[in-house]
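>>> 3D, please:
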Amino acid sequence: MRKIETLKQVVENLLADKIKSCVLDRGELTIIVNSDEAIDILQMLRDNKDTSFEQCVDLCGVDYLDYHNDYEGPRFAVVYHLLSIKHNWRLRVRAFLPNDDFPMMGSAVRLYNGLDWFEREAFDLYGIVFENHPDLRRLLTDYGFIGHPFRKDFPLSGYMEMKYDERQKRVIYQAVTIEPREITPRVIREENYSGRN
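Sure, this is the predicted structure:
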């Protein structure tokens, strides 16, 4: 039995009825869990000697708006990438968030200290709120920034722009003055375009 198949069996035995989906694809294992159980599941995966996922190397938010034409699930998800140095295993844990208008789930910072800024980044860019996070505030955008720029419905030009006002001798914020437009690439269909006849 390959190592990844052994991991799949160990995870399914450990979590049994807590897993909504367990997919082994292209040599990677992904489990989908309920967002309200995700923190307990992460702790089980970390503390159980058969899994020993002592590191969470990444956390990211995902916006599934317009994912596929036939997709009708929740809009937002949080994805954890776990690493077990002891067993040399990797595992992806995905939790879909049930409320599209106010995506929220528990913070995993108490389990993995390194997730502090990852959760802040997901909050800043996607608007995902991590309950009980020790310092949940914007990380990458400006203090007065409006919206969450990685959401698929966020306009490419944004809502606000800043510029230096020569008259006031300071930086000011104002509504974006760029006209939104759709850029369509020009297709060149000239027979001699490449220089060959």
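>>> confirm Met162 sits in a strand?
Yes - assigned with DSSP: H, G, I helix; E, B strand; the rest coil, Met162 falls within a strand.
>>> quick one: secondary structure of the residue nearest the centre of the chain?
The residue lying closest to the centre of the chain (Cα atoms, centre = their mean) is Gly61, at 1.6 Å. Recorded secondary structure, Gly61: strand (three-state DSSP).
>>> ok, now Phe118?
Classification of Phe118 using three-state DSSP returns helix.
>>> how many other residues sit next to it?
Other residues lying near Phe118 total 23 when counted by other Cβ atoms under 10 Å. (Each C-beta comes from the backbone N, C-alpha and C, glycine too.)
>>> you'd agree it is up against Val78?
No - counting by Cβ atoms under 8 Å, Phe118 sits too far from Val78 to count as a contact (9.6 Å).
>>> shared neighbours of the two, anything?
Listed as contacting both Phe118 and Val78 by Cβ atoms under 8 Å, 6 or more residues apart in numbering are 59-60.
>>> need the contact list for Val171.
Val171 neighbours (Cβ under 8 Å, 6+ apart): 162-165.
>>> and what of Val62?
With the criterion set at Cβ under 8 Å, 6+ apart, Val62 makes contact with 76-79, 94, 126.
>>> right, and the helix or strand after the biggest helix by length in the chain?
Criterion DSSP state H: the longest helix present in the chain is helix 3-15. Using DSSP states H and E, the helix or strand that follows helix 3-15 in sequence is strand 19-25.
>>> list the contacts of whichever helix or strand comes after that next one.
For strand 19-25, the following helix or strand on the C-terminal side (DSSP H and E) is strand 28-34. Strand 28-34 is contacted from outside by 4, 7-8, 11, 15, 18-23, 41, 90-96, using Cβ under 8 Å, 6+ apart.
>>> can you report phi and psi for Ile146?
The phi/psi pair for Ile146 (degrees, to the nearest 10) reads phi -110, psi 130.
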